[in-house]
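K.L.:
sharing a model that was predicted from the sequence below.
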Amino acid sequence: VVGQGSGGPVAGAGVRCDMTLSVSIVSHRHGVYLPALLRRLANVSVRIERVWLIFDVAEPATLVELERTPWPFDLRCVVNTQSQSFGRNHNRAFHLECQSVGHVPHYWWILNPDVEWREDPTPSMLAAFSDPTVGLVYPEQVDVVGKPQDHERLIPTPLRVLRRMLARLAGVTVETLEQPDWVSGSCVLVRGDVYNRLGGFDERYRLYVEDVEFCLRLRLAGYILRRASNACVMHVAQRRSHRDLQHLSWHLAGFMRLWTSSTFWKYVGRTFR
């Protein structure tokens, strides 16, 4: 499939087949990671129906290699003709998934290309959905030496963002939370009907903060986030906004959009009243 990213989740696509699991991956020159990630997906114990791989920037050599490889799932590759936002790319994959099979997948797994695991995280992640109030499940995230990542956080108010910046400068480690307000979108498993009901990610966020906004809307809709016990992946946050002005501007723009949104103020009002 070749084309420019377009379209969001399918409104009204409420019919689903139980236990369908599809994956959404967006590559922005992450080709070096993709073969290993797809091999990991090929070896999980849960049946994966389809893997949607959107190349935000064309990577012809990687595309040819992956399409020549036999996979136990249906690999669908999309090449954008124009770079799109993180949210728009994942929403397009969801839209194409629903169009191709005529129903919403039971589970929608959003994965960054540079996520790895030693032990299959899918059984524990799926088991966490036994509670019907759980809308999104995520694993523990660690870095290459096993140190926990700060992928679970409280709502980023301006004061908290300032405190976080100062803590980072001081080398203070941020502890994980039992019930965070939001989690990193680098590896999350979402109920397909919930993703569809919420309309997916807000595509106006270019690259940062869309996962924050999505989690807040999910929680406002009455669902909870749950960390899957015994599920762990390795992911080293790139933090490009710390060293790249373009990424920094996207990050700041994301915060400004969030802080002026009705979602933010509804959530703050619910949290602090």
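P.N.:
Sure, I can see it. Residues are numbered from 1 along each chain as shown.
K.L.:
could you pull out the helices in the stretch 1-150 of the chain for me?
P.N.:
Along the stretch 1-150 of the chain, counting by DSSP state H, counting those that start in this stretch, helices occupy 34-42, 60-68, 86-101, 122-127.
K.L.:
so which residues make contact with the last one?
P.N.:
If you take Cβ atoms under 8 Å, 6 or more residues apart in numbering as the criterion, helix 122-127 is touched by 21, 44-46, 107, 137-139, 189, 228-231. The C-beta positions use only the backbone N, C-alpha and C, and glycine is treated the same way.
K.L.:
select only the buried ones of these in ChimeraX?
P.N.:
Of those, the buried ones can be selected in ChimeraX as follows, counting by 16 or more other Cβ atoms under 10 Å:
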select :21,44,107,137,138,139,189,228,231
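K.L.:
hmm, back to that, could you look over the helices of the stretch 1-150 of the chain and pick the most buried one?
P.N.:
Mean neighbour count (mean count of other Cβ atoms under 10 Å) peaks for helix 86-101 among the helices of the stretch 1-150 of the chain, with a mean of 23.
K.L.:
list the helices and strands it packs on?
P.N.:
On a contact count with 3 or more Cβ pairs under 8 Å, 6 or more residues apart in numbering; DSSP states H and E, helix 86-101 meets strand 21-27, strand 50-55, strand 74-79, strand 107-111, helix 192-198, helix 210-220.
K.L.:
relative to residue 166, which of those is closest?
P.N.:
helix 210-220 (19.8 Å; Cβ to Cβ).
K.L.:
quick one, the helix or strand just after that closest one and helix 210-220 angle?
P.N.:
Next helix or strand after helix 210-220 toward the C-terminus (DSSP states H and E): strand 224-234. Strand 224-234 runs at 140 degrees relative to helix 210-220, counting by axes from the mean of the first three to the mean of the last three Cα atoms, to 10 degrees.
K.L.:
grab the CA positions of strand 224-234 and hand them over as CSV.
P.N.:
Taking Å, rounded to 0.1, in the frame of the first residue of the first chain, the C-alpha atoms of strand 224-234 are listed here in CSV:
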residue,chain,number,x,y,z
ILE,A,224,-8.3,2.7,33.6
LEU,A,225,-4.7,2.1,32.7
ARG,A,226,-3.1,-1.2,33.9
ARG,A,227,0.5,-2.3,34.1
ALA,A,228,0.7,-6.0,33.2
SER,A,229,2.3,-8.0,35.9
ASN,A,230,5.3,-10.0,34.7
ALA,A,231,5.5,-8.2,31.3
CYS,A,232,8.6,-6.2,30.6
VAL,A,233,10.1,-4.7,27.5
MET,A,234,13.3,-2.8,26.9
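K.L.:
what's it in contact with?
P.N.:
Here strand 224-234 has contacts from 115-119, 121-122, 124-125, 127-128, 131, 133-144, 152, 179-180, 182-183, 187, 215, 218-219, using Cβ under 8 Å, 6+ apart.
K.L.:
returning to what we had before: relative to residue 164, which of the helices of the stretch 1-150 of the chain is closest?
P.N.:
Short answer: helix 86-101, nearest of these by Cβ to Cβ, at 20.9 Å.
K.L.:
now do the same contact list for the spatially closest residue to residue 76 that is not a sequence neighbour.
P.N.:
Using Cβ to Cβ, 6 or more residues apart in numbering and skipping residues adjacent in sequence, the residue nearest residue 76 is residue 52, 5.2 Å away. By Cβ under 8 Å, 6+ apart, the contact list for residue 52 reads 22, 23, 24, 25, 76, 78, 93, 96, 97.
K.L.:
nearest to residue 156, of those?
P.N.:
After measuring these against residue 156 - Cβ to Cβ - the closest member comes out as residue 24, at 24.2 Å.
K.L.:
how close does that closest one sit to residue 145?
P.N.:
29 Å (Cβ to Cβ, to the nearest Å).
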